[in-house]
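Undergrad: pasting the sequence and the predicted coordinates here, then a few questions.
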Protein chains: 4
Amino acid sequence: FLNLYGKNLALAWPDSEVENIRDPSIEIVVKTKRSYVLAGNEWKKDPTKVNVGKVEIGGKKVVVAAGPCAVESEEQTETVAREVKKAGASLLRGGAYKPRTSPYSFQGLGEEGLKILKKASEQTGLPVVSEILDARDRDAFARYVDMVQIGARNSQNFTLLREMGKLGKPVLLKRGLGNTVEELIQSAEYILMEGNGNVVLCERGIRTFEKSTRFTLDIGGMVAGKLMTHLPFCADPSHPAGKRELVHSLALASVAAGADMLLIEVHPKPEVALSDSEQQLTPESFSLLMERVRGLASVLGRSA
Amino acid sequence: FLNLYGKNLALAWPDSEVENIRDPSIEIVVKTKRSYVLAGNEWKKDPTKVNVGKVEIGGKKVVVAAGPCAVESEEQTETVAREVKKAGASLLRGGAYKPRTSPYSFQGLGEEGLKILKKASEQTGLPVVSEILDARDRDAFARYVDMVQIGARNSQNFTLLREMGKLGKPVLLKRGLGNTVEELIQSAEYILMEGNGNVVLCERGIRTFEKSTRFTLDIGGMVAGKLMTHLPFCADPSHPAGKRELVHSLALASVAAGADMLLIEVHPKPEVALSDSEQQLTPESFSLLMERVRGLASVLGRSA
Amino acid sequence: FLNLYGKNLALAWPDSEVENIRDPSIEIVVKTKRSYVLAGNEWKKDPTKVNVGKVEIGGKKVVVAAGPCAVESEEQTETVAREVKKAGASLLRGGAYKPRTSPYSFQGLGEEGLKILKKASEQTGLPVVSEILDARDRDAFARYVDMVQIGARNSQNFTLLREMGKLGKPVLLKRGLGNTVEELIQSAEYILMEGNGNVVLCERGIRTFEKSTRFTLDIGGMVAGKLMTHLPFCADPSHPAGKRELVHSLALASVAAGADMLLIEVHPKPEVALSDSEQQLTPESFSLLMERVRGLASVLGRSA
Amino acid sequence: FLNLYGKNLALAWPDSEVENIRDPSIEIVVKTKRSYVLAGNEWKKDPTKVNVGKVEIGGKKVVVAAGPCAVESEEQTETVAREVKKAGASLLRGGAYKPRTSPYSFQGLGEEGLKILKKASEQTGLPVVSEILDARDRDAFARYVDMVQIGARNSQNFTLLREMGKLGKPVLLKRGLGNTVEELIQSAEYILMEGNGNVVLCERGIRTFEKSTRFTLDIGGMVAGKLMTHLPFCADPSHPAGKRELVHSLALASVAAGADMLLIEVHPKPEVALSDSEQQLTPESFSLLMERVRGLASVLGRSA
């Protein structure tokens, strides 16, 4: 029994006795043969809109979240925040806890980083998106962050998914490097089951044999996914690109394919960034990208 | 020694003695450490434009080739040709020799199919693109076809590549299911080496673990490829989609990412098509797609 | 500063001042250009042997861990434990906390399952291997389990990796579906950094386009991995097989390629199993497999 | 209507009228729902044995074909032939026509190379396996070669497949880099349809994201394939390894998994080889491998 999108639901397994539920306020969701129900669009046809502060994701406007790969200092973060706000971003992204393949790479500033993001958010009015690695940090995220990101490496960390379901904050859920789109939607189901329907799915590239890009942005998977779920989709062109020169084209392609949100890495001086220095845009380049996204959105009947 | 793009070239291996060539009309192309030279953009910075009849590929206009997966009859082909012409296509595509994974699938009408295409071409003025499987059919292709397609399964059939280099007709070269973008460019090198510089590369999806689409359209690979070669790029959204519902989004994404050409399967009655019935568009849907492509192209500073 | 394999180590970054360390008991491990050090075999040439109770992994004997995919009941578990012990297994495996792609699949018996495993272990003398999903269950695992498994989906859950490093129990670390072998070794580095050197790496199949098996067992990756690390390697043929008929061949191939350990799913009645019913062996089939493994090991200069 | 394995067959499509065929010498093969029939094992349960000269592939003995990647000279080829014969190889492999990704790589000696192989074959009594790239070379192959190899890049070159079906020589058919095992079997169907049943399938590694090996040897796919077809399977451990150090382990794994044949690259001086110098074995290393293969085969109830 849970309440989702304003409805009272009873999740019923096909073999359960649900016929004698007589409470008229309860809408029964019968489990289909699919391995997910709540995240699927059989019972809920209308696209879900996720609100982060005053920002609506999944509506007419293509929402852009931008900011540094990693929060490195107050000055760096506030500079970027001002710049991306000016260029038209709606959300500030930044990593405080960084999941790094190697333990010898920069691991982020931790809670200190979240506080810096919060301060930059207060200065600019941009709500903050940041990645959580450990459910034990939930209180800090509850305090400083507006939308919690679950990264690709934790896309099937079911413990963390359930905890973020309970936390109740909007969640940006990334697809795992080796996961299908259907598995991504099943991971979202873990969050929805806890009564948290504010989930945005994020395509960020999968592992393939191709070597000219870091990951293969699966735009087709995103488009196919939109036919399977009512949840909005974000695209992250920065990580699969791996090279600055490719980010604009992948961002525009994602919007043309129907992405509701973009996640873009921007750094005041990418060449000295402590992580992902190859793929972060300068504020100038980001500003130009926003112009191009707005142009594109306009012919698609959207805004940006 | 060959002539390409109006220049006399001497292909020189680094260890060859080329210093004493005294003919001033010869521009020497020194082999770099890359495994391709002619198809690369170190010696030729300007994008190559490939002319098929009066149609220019690689210029301002996004060129659309459309038509049935397989030529089935005169009536079917002529109907489609008229419809796609009306909707704004620039080229007529259609398969006469079909490469089928199973020998029990429809193999195409062969030379009869080429004649049907030629007739439809004469009626509409649209030049014809069709796939060749066997170099021994070169005379028929020379007679009836304006642009020869080398399919994904023959992308590293070096015998066929060299023969198409010698034939001299414009070539649409598809990427193999398991090939990198760099390998696609190396395959083009085989054609260019024979003095035929009229090659358009085609991204048509690669094999990955994702199952919601038939192949994974590698838009990032295409964008990365455009930084490596002067040749124009085509995108084929029909084959990776595998489902009609996805074709529009993938086509728009390809154009937004910079594709110079689109290859779209259109059938008057997709539900009775002898091949690929799941992914061919109706003429109505194609017409709508053309409108959307034109809208998109306009904000990108192109036309369609 | 940590103690590993009986040595005092100082992990020194190349730019650190370590020259003036004068303590003769400290062996300095200089960070190489690789993104891992402790798990690499530049500083430690001899293969590591991991002890789980009296069982040694990485020595002459090919160690086999066998048992049900999921612990379903005391009777089921004890039956399997007796059978696999009789057939020659050295360790009892069984899942109490099950990571399931869909929240509607059987999630395991939890701590109750661990207690059942412990009881079966006491009856047979076989140490227990079981998967942990949530660091908060560490006390239960400390009490009931002899070797803690980190599953494929948590292979880059760095929080869990660090916690298992601190727990100090031997760890069976599985490769993620979308991770390279090098990334697997980097994940192990997180555990070693906490002073826990008892890590066995496990190849369990990766995601590829091939559909005749559930995952592609990357035996080449395991062999290449053995040249990169001093840690022992386990192979799990059950999960990539996805079909009972393939398990024997993949197990034998793994041993022939040099696996130090095998992880095999065995169920008294696979056809009624609550999970992975397609790929679990019957006790009879497992017994036959053990005979074949012993035969193979003997010609390879090993035992089983 | 064709004769295969000593049977007269009528290939009947399900919708054809075959009921009134009254010729008792004809065995009717009804097309099943599978996309291949002749290569499948529904109608032919017993494993097929392919004879190349006096060598039987698919029987008790694990057949080893060995020799240089490319024929470079008479001396090189004859040296290798003598050495591999002495070590226990049954077939001599060597490339005369080399399919190279880049046109600037060594392309082989062509027909001259075939003659060198033939001479080495006459000296040693080892039948020759060599790759064909162009159906127009069929006469040379008919004269000099005992088993024709179709390489990975031509695995779906249906023109070449049909021609090799007509040529009638035994065929070693390699799996394409991006092809499923089922597609490999469908490619074999093209050869069998022409009445040539002497086909050996070859697993040689597929394209995946893993980078520590050149390709991923799909041993699971080979094992699954053996359940789908009556044709024998060869494994090529040299190409996926890409590194000499891995070849032994992958060869042994393949035999343990049930390979009927191995294809091993051996060069008298690998370090100066004109192609694949990284992965060719020395004659000494090959001799050791043969010993290990024989040991392994003996415990599997086979010989080598």
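TA: Nice, I can see it.

Undergrad: and chain A, split by domain according to the record?
TA: A:1-31, A:36-299 (automatic domain parsing).

Undergrad: just confirm yes or no for the last one near chain C.
TA: Yes. Contact of domain A:36-299 with chain C is found when judged by C-beta under 8 Å from any C-beta of the partner chain, involving A:36-37, A:99-105, A:133-134, A:153-154, A:156-160, A:176-179, A:183, A:186-187, A:189-190, A:193, A:206-207. For the C-beta atoms, the positions are set from N, CA and C on the backbone; glycine is no exception.

Undergrad: first vs last residue of that domain, how far apart are they?
TA: End-to-end span of domain A:36-299 (C-alpha to C-alpha, to the nearest Å): 35 Å.

Undergrad: does any bit of it sit next to chain D?
TA: Yes. Using C-beta under 8 Å from any C-beta, domain A:36-299 reaches chain D at A:207-209.

Undergrad: which helix or which strand is home to residue A:75?
TA: helix A:74-87 (DSSP states H and E).

Undergrad: tell me which residues of that helix come out buried.
TA: A:76-85, A:87 (16 or more other C-beta atoms under 10 Å in any protein chain shown).

Undergrad: pick the one among these closest to residue A:25.
TA: Closest approach to residue A:25 among the buried residues of helix A:74-87 (C-beta to C-beta): residue A:85, at 42.9 Å.

Undergrad: need the contact list for the closest one.
TA: A:92, A:124-126 (C-beta atoms under 8 Å, 6 or more residues apart in numbering or on different chains).

Undergrad: can you select the buried ones from the residues you listed in PyMOL?
TA: Applied in PyMOL, the following selects the buried portion of these according to 16+ other C-beta under 10 Å:
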select buried, chain A and resi 92+124+126
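
Undergrad: the residue nearest to residue A:260 when sequence neighbours are not counted: how many residues sit nearby?
TA: Using C-beta to C-beta, 6 or more residues apart in numbering or on different chains and skipping the chain neighbours, the partner closest in space to residue A:260 is residue A:232 (4.0 Å). Using other C-beta atoms under 10 Å in any protein chain shown, residue A:232 has 24 neighbouring residues.

Undergrad: and the one 3 residues further on, by the same measure?
TA: Neighbourhood size, residue A:235 [other C-beta under 10 Å]: 30.

Undergrad: returning to that earlier point: quick one, what contacts the residue nearest to residue A:260?
TA: Here residue A:232 is in contact with A:47-50, A:57-58, A:200-201, A:260-261 (C-beta under 8 Å, 6+ apart).

Undergrad: hmm, try it at 10 Å
TA: A:47-50, A:56-59, A:63, A:198-202, A:226, A:258-261 (C-beta atoms under 10 Å, 6 or more residues apart in numbering or on different chains).

Undergrad: over to residue A:282?
TA: A:83, A:244, A:266-271, A:288.

Undergrad: out of those, who's the most crowded?
TA: So for the contacts of residue A:282 (other C-beta under 10 Å), the most neighbours sit at residue A:266, 30 neighbours.

Undergrad: ok, what's across the strand from it?
TA: residue A:281 (DSSP bridges).

Undergrad: output the one helix or strand in chain A whose mean pLDDT sits lowest as PDB, nothing but the C-alphas.
TA: Ranked by mean pLDDT, DSSP states H and E, the weakest helix or strand in chain A is strand A:26-30, scoring a mean of 74. Taking Å, rounded to 0.1, in the frame of the first residue of the first chain, the C-alpha atoms of strand A:26-30 are listed here in PDB:
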ATOM      1  CA  ILE A  26      -7.600   2.600  -3.300                       C
ATOM      2  CA  GLU A  27      -6.600   2.100  -6.900                       C
ATOM      3  CA  ILE A  28      -5.300  -1.400  -7.400                       C
ATOM      4  CA  VAL A  29      -2.100  -1.900  -9.500                       C
ATOM      5  CA  VAL A  30      -2.100  -5.500 -10.600                       C
END
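
Undergrad: quick one: strands adjacent to that strand?
TA: strand A:7-12 (parallel).

Undergrad: could you pull up the mean pLDDT of the strand it pairs with?
TA: Summarised as a single mean, pLDDT over strand A:7-12 is 80.

Undergrad: same question for stretch A:264-275.
TA: 93.

Undergrad: and it, how far apart are its ends?
TA: 14 Å.

Undergrad: between helix A:74-87 and the longest helix belonging to chain A, find me the angle.
TA: Ranked by residue count and defined by DSSP state H, the top helix of chain A is helix A:283-299. Orientation note: helix A:283-299 sits at an angle of 30 degrees relative to helix A:74-87 (axes from the mean of the first three to the mean of the last three C-alpha atoms, to 10 degrees).
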